[in-house]
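Asks: heads up, no residue letters with this:
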């Protein structure tokens with residue numbers, strides 16, 4: 001649980017600096033808009049998204065209902081329902097992008113190439129395949145022939 005607190009503090013420090021900048025850059029249509037406070041702060045929401053990817057659940061719903069609601073209720077005392085969480089989740093997309101853009105490291109010159117084949121269709125359907133027509137091509141990997149990208 002120490003890691004969650006550390007992650008939240010990192011996100012919260014970033015949000016304290018980022019939110020005023022973001023709010024100053026947002027365009028308005030001239031009409032007054034009510035900015036409603038949510039039960040989860042932006043930093044808490046960002047922390048949940050990062051935890052979801054660290055713990056490697058397949059679906060966010062199972063992560064939220066079976067892990068967060070049952071085991072992390074003490075760390076997030078004002079958890080909304082799952083449907084409300086899904087509604088407010090897009091609010092953190094820009095902030096997450098900006099956060100990861102600020103914490104990324106410099107390129108050391110060492111790059112790793114992933115040559116995993118990405119098959120776009122079964123070999124029997126190559127002639128009928130139209131989605132990646134002109135882009136996908138036949139290839140061979142250690143597991144056999146495929147049609148797609150490498």
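Replies: In hand now; what should we look at? Not measured: the values here are computed from a predicted model.

Asks: got the contact list for the most centrally placed residue in the chain?
Replies: Against the mean C-alpha coordinate of the chain, by C-alpha atoms, centre = their mean, the closest residue is residue 49 at 6.2 Å. The contact partners of residue 49, taken as C-beta atoms under 8 Å, 6 or more residues apart in numbering, are 89, 92, 96. (C-beta placed from N, C-alpha, C; glycine too.)

Asks: from residue 41, how far out is the residue of the chain most remote from its centre?
Replies: The centre of the chain is farthest from one residue, residue 127, which by C-alpha atoms, centre = their mean lies 35.7 Å away. Using C-beta to C-beta, to the nearest Å, one gets 54 Å for the distance from residue 127 to residue 41.

Asks: downstream of the longest helix anywhere in the chain, the next helix or strand is which one?
Replies: Counting by DSSP state H, the longest helix found in the chain is helix 2-25. Using DSSP states H and E, the helix or strand that follows helix 2-25 towards the C-terminus is helix 42-55.

Asks: tell me the helix or strand right after that next one.
Replies: Where DSSP H and E defines the elements, the next helix or strand beyond helix 42-55 is helix 60-62.

Asks: other residues contacting that following helix?
Replies: 52, 82, 86.

Asks: can you list the domains in this structure?
Replies: For the chain, automatic domain parsing gives the domain ranges 2-103, 118-149.
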